[in-house]
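*Asks:* what follows is a predicted protein model with its sequence.
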Amino acid sequence: MTSALRIALGGIRHETNTFSPVWTEYEDFAVRSGAALFENGTEPLWAGQEIELLPTFVASARPSGLVRKAAYLRLKDELLDELRA
């Protein structure tokens, strides 16, 4: 019996402008999770394959200044928690 390949989908995206004096905070990130990750048509790419997609979440913020360390650590921990689950 062949088991399906399991692929977790998730990430944190941000374009950083190091010259900007405005910090990027946790609240500046928009989070999409679960089936919302497939809204751009990703799922049909895998149709008919023995692949199980496991969506976690994608957090993204508009281009801005450096991400505060606390914001990054919180997002990272949330993503790792999703992967462990």
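*Replies:* Yep, it's here.
*Asks:* need the pLDDT of E39.
*Replies:* We note a pLDDT of 73 for E39 in this prediction.
*Asks:* next: N17.
*Replies:* The predicted structure scores N17 at 94 on the pLDDT scale.
*Asks:* from R62, how far out is it?
*Replies:* With distances taken as CB to CB, to the nearest Å, N17 is found 10 Å from R62. Where you see a C-beta, it was placed from the backbone N, CA and C, and this is true even at glycine.
*Asks:* what of E82?
*Replies:* 23 Å.
*Asks:* of those two, who's got more company?
*Replies:* Under the neighbour definition other CB atoms under 10 Å, E82 and R62 were set side by side, and E82 has more, 15 against 10.
*Asks:* host element of the spatially closest residue to that one that is not a sequence neighbour?
*Replies:* Nearest residue to E82 in three dimensions, chain neighbours excluded: T56, at 3.7 Å (CB to CB, 6 or more residues apart in numbering). T56 is part of strand 51-64 when elements are defined by DSSP states H and E.
*Asks:* same deal with S20?
*Replies:* Residue-wise, S20 maps onto no helix or strand under DSSP H and E.
*Asks:* who's in contact with it?
*Replies:* Contact criterion CB atoms under 8 Å, 6 or more residues apart in numbering gives S64, G65, L66 as the residues in contact with S20.
*Asks:* count the residues that sit near the last one.
*Replies:* Just to be clear, that refers to L66. Around L66 there are 16 other residues, counting by other CB under 10 Å.
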